[in-house]
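In: From the sequence below, what's the structure:
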Amino acid sequence: MTDRTDEPNTRRILVIDDDPDIRRLLRLALEDAGNDVREAQEGEDGLAIARQEQCDLAIVDLFMPGKEGLETILALRRDMPQIKLIAMSGGSGHTDMLPAARSFGADQTIHKPYELDTLLTSIAALLSKH
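Out: Got it, this is the predicted structure:
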């Protein structure tokens, strides 16, 4: 794998999701689009990575064991106000948390399942806003 962190348009994106298949899918798609991707399986690990590695954007699942998504979004927004945040949630009864994620600091929300192209377009739009 090529390290793209020193290329001028490379963005560091953090994917925080307890589902390894979702993390892998997002990693592959985001790296294919020229991004540097980090992964975390829960909020506390994600916060540690974001604090250490200056991420441009974090994609945060709302329902995870340990530090769940809303807590993670609050902490990321507090500690790194410049980071762009996308909250993801799916399944029955969980979509009502997406508006709450916005009030907690998410720039955008995505309902699972999602179209990968739609997510990539949303990410590109968010990252172009500096």
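In: Need the pLDDT of the residue found closest to residue 80 once you drop the neighbours it is linked to in the chain.
Out: Counting by CB to CB, 6 or more residues apart in numbering, residue 50 is the residue found nearest to residue 80 once chain neighbours are left out, at 6.1 Å. (Each C-beta comes from the backbone N, C-alpha and C, glycine too.) We have a pLDDT of 96 for residue 50.
In: Same question for the one 5 residues further on.
Out: According to the model's per-residue confidence, residue 55 sits at a pLDDT of 95.
In: For it, grab the count of nearby residues.
Out: Other residues near residue 55 come to 23 when the count uses other CB atoms under 10 Å.
In: excluding its backbone neighbours, what's nearest it?
Out: Spatial nearest neighbour of residue 55, chain neighbours left out: residue 14 (4.4 Å); criterion: CB to CB, 6+ apart.
In: Give me the distance between the one residue sitting closest to the centre of the chain and residue 53.
Out: Using CA atoms, centre = their mean, the residue of the chain that lies closest to the mean C-alpha position is residue 59, 1.0 Å off. Look at residue 59 and residue 53: by CB to CB, to the nearest Å, they are 15 Å apart.
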